[in-house]
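K.L.:
Return atomic coordinates for the entry below.
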Amino acid sequence: MTTGRFITLEGGEGAGKSTLARALAARLEAAGIRSELTREPGGSPKAEAIREAILSGRVKHHGPFVEALMFSAARIDHIDRRIRPALAHGDWVICDRFIDSTRVYQGTLGRIDPNLLAELERVTIDGLTPDLTLILDLDPRVGLARASRRRAPGEGKDRFEGEALTFHRKLRAAYLAIAEAEPERCSVLDATLSPEELAQAAWAVVRERLQLNQDA
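P.N.:
Got it, this is the predicted structure:
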């Protein structure tokens, strides 16, 4: 059986990752390719519980290293229970956030020692590197405004949406730096495009980078 392919979506708040993930899954299905749609933090019952604890802000006072450890614990469970089994079954996996979010949020912005974070990543993913990472680039002011509009009435900002604009500008720069450093894995997409245009641009990259039939 052919092993599936692993696609991750990255970017700041409100960039449209979840919407794009669903659109890509639909296009894969139309092309006759089974896919598994998932997210981080979360993606498995235990990982979802950790997600709630982190995004609620309850662990923020423990600092970025503890957050990184919690993200890693969630990721290990997610990989073992969802991602590896799906790939082994021949399914394609589309994941909303993965290792680059930890590199950016806890590494660049949390100022965790790069060598320490790299070692934590190594033991956590155990060789599971995405085949393709799509980085959705957007002015953080636009992204935060989008995130605000999508919240339900009475719903507050999550742990990261509540950070200052300076934080989100640094986040954007950090993602672009990753894309520049790893061009063979990463592709930057203009997230100011409409959802339909963004899906079309992303699909073109998927077909080219992962060598899908050009008629798909």
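
K.L.:
Least confident secondary structure element in the chain?
P.N.:
Least confident helix or strand of the chain, by mean pLDDT, DSSP states H and E, is helix 140-150 with a mean of 86.

K.L.:
how much does the next helix or strand after it deviate in direction from helix 140-150?
P.N.:
Moving toward the C-terminus from helix 140-150, the next helix or strand (DSSP states H and E) is helix 165-181. Counting by axes from the mean of the first three to the mean of the last three CA atoms, to 10 degrees, helix 165-181 lies at 110 degrees to helix 140-150.

K.L.:
pretty sure residue 14 is touching residue 139, no?
P.N.:
No: when contacts are counted by CB atoms under 8 Å, residue 14 is not listed as touching residue 139 (10.1 Å). Every residue, glycine included, has its C-beta placed from N, CA and C.

K.L.:
of the two, who's got more company?
P.N.:
Taking other CB atoms under 10 Å, residue 14 and residue 139 do not tie; residue 14 has more neighbours (22 against 14).

K.L.:
residue contacts, the more buried one?
P.N.:
For residue 14, the contact set (CB atoms under 8 Å, 6 or more residues apart in numbering) comprises 138, 142-148, 150.

K.L.:
Could you rerun that using 10 Å?
P.N.:
Taking CB atoms under 10 Å, 6 or more residues apart in numbering, we find residue 14 in contact with 136, 138, 140-150, 161, 168, 191.

K.L.:
Which residue is the nearest non-sequential neighbour of residue 66?
P.N.:
Spatial nearest neighbour of residue 66, chain neighbours left out: residue 59 (6.0 Å); criterion: CB to CB, 6 or more residues apart in numbering.

K.L.:
What's the local residue count around that neighbour?
P.N.:
Residue 59 has 16 nearby residues by other CB under 10 Å.

K.L.:
Please tell me how far it sits from residue 121.
P.N.:
Separation of residue 59 from residue 121 (CB to CB, to the nearest Å): 19 Å.

K.L.:
Ok, residue 213 next?
P.N.:
33 Å.

K.L.:
Tell me where the model's unsure across the protein.
P.N.:
Where the chain drops to pLDDT under 70, the residues are 1-2, 151-159, 161-162, 214-216.
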